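Chemist: Could you work out the structure for the sequence below:
(2 chains)
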Amino acid sequence: MDNLIIEGSKQTPEINFDAASGILSLSGRSIPENTFEFFNPVLNWLDAYALEAPDKVVAKINLEYFNTSSSKYILEILKRLKGILKDGKDVLVQWYYEEDDEEMMETGEDYEDVSGLTFEIIGFEE
Amino acid sequence: MAKQSIYQREVDSLEQSKAFLKKNEYSKLELQLEFKKNVENYEELIDQVKIITRISDRLQRKLNKTNEALESSNTQLADLNNQLNETIDQLTEAKIGRRASTIVMFIAIGLFIISEAFIEPIIDRAFPDNFWVGLGLKLIVAILIKPGEDFANKYMLKKARKKQLEDAKVAK
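Modeler: Prediction:
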């Protein structure tokens, strides 16, 4: 399966989903003008990936800021990962936040609660 | 636009339920299954709304904090810019003041030489016994030095400020 690589911009996050290693990175800022257009290919990729995911999948999410509709899509991404977990694979979400960014840390905790996935919430210095 | 919606799955589910309602007859099992599906969907939607609202509010708070920090930085920058402009003005004034003094000093030396070489002999010939006429002329020249310096200073400052404004316009 091909990797999914989308270069980041001022409004869209960088996506680097490595199919073979199972490392799925999402980073940057997510305020696309058309969230459907941006995230739909990502969700489609994950749907296909669920059928051939390796035994261990690690999602690395490092977002500086995202808008409300992106928050819905992040939830959808986590749902797809939950599907992979239900298929018996090991799924870990590493949620990164800048150490003084309390809001992003709490957001990670909320996603952890609602998704039922294992989260590592990791603070880093700017 | 339903197919392009971020709530595409939820809209599809609603359409299915509407289609179900249009049926004329339902078995008890069909009704139970449909109701169960709708309850599950509704529960999921409520969970989504709760989390998305919470996250949205929190990110709005983050945005507000960032805006406040930005405003504060802008105020500090404006203050620093004012201080810098004041310092530049002071430096310009000092520089021009020194230049004006030099120019006036050279003019005074020139006037002294002209006075000694050309005017003094004429005065001596016209007023051979009057010492005060020559002295008075030198006094007038000496008194005019300070206002001359002020005038030169003001003129050069005005010119320098005009140049600064033009440079600022070009920079914009």
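Chemist: residue ranges for the strands of chain A, please.
Modeler: A:4-6, A:14-18, A:23-30, A:56-66, A:90-98, A:118-124 (DSSP state E).
Chemist: so how far is B:G110 from B:F118?
Modeler: 12 Å (C-beta to C-beta, to the nearest Å). All C-beta spots, glycine's among them, are computed from the backbone N, C-alpha and C.
Chemist: Could you do A:D101 as well?
Modeler: Going from A:D101 to B:G110 by C-beta to C-beta gives 71 Å.
Chemist: go on, A:I74?
Modeler: For A:I74 relative to B:G110 (C-beta to C-beta), the value is 82 Å.
Chemist: Name the residue in those two with the higher neighbour count.
Modeler: Neighbour totals were compared for A:I74 and B:G110, and A:I74 leads with 23 against 10 (other C-beta atoms under 10 Å in any protein chain shown).
Chemist: Contact residues of chain A facing chain B?
Modeler: A:35-37, A:39, A:65-69, A:71-73, A:75, A:101, A:103-104, A:106-107, A:110-111, A:114 (C-beta under 8 Å from any C-beta of the partner chain).
Chemist: just checking, what's the longest helix in chain A?
Modeler: Longest helix in chain A, counting residues (DSSP state H): helix A:68-86.
Chemist: repeat for chain B
Modeler: helix B:28-114.
Chemist: quick one: average confidence on that one?
Modeler: Over the span of helix B:28-114, the pLDDT mean works out to 91.
Chemist: Likewise for stretch A:9-20?
Modeler: Rounded mean pLDDT across stretch A:9-20 is 96.
Chemist: How far away from the center of its chain is that stretch?
Modeler: Relative to its parent chain, stretch A:9-20 has a centroid offset of 9 Å by C-alpha atoms, centre = their mean, to the nearest Å.
Chemist: Just the buried residues of it, please?
Modeler: A:12-17, A:19 (16 or more other C-beta atoms under 10 Å in any protein chain shown).
Chemist: CA atoms only: put it into PDB for me.
Modeler: Taking C-alpha atoms only, stretch A:9-20 is exported to PDB below (Å, rounded to 0.1, in the frame of the first residue of the first chain):
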ATOM      1  CA  SER A   9       0.800  24.700   4.600                       C
ATOM      2  CA  LYS A  10      -0.200  27.700   6.700                       C
ATOM      3  CA  GLN A  11      -3.800  26.300   6.800                       C
ATOM      4  CA  THR A  12      -3.400  22.600   6.500                       C
ATOM      5  CA  PRO A  13      -1.400  20.100   8.500                       C
ATOM      6  CA  GLU A  14       1.400  17.900   7.300                       C
ATOM      7  CA  ILE A  15       0.400  14.300   6.900                       C
ATOM      8  CA  ASN A  16       3.000  11.500   6.700                       C
ATOM      9  CA  PHE A  17       1.300   8.100   7.000                       C
ATOM     10  CA  ASP A  18       3.900   5.400   6.500                       C
ATOM     11  CA  ALA A  19       2.000   2.200   5.700                       C
ATOM     12  CA  ALA A  20       4.800  -0.300   6.300                       C
END
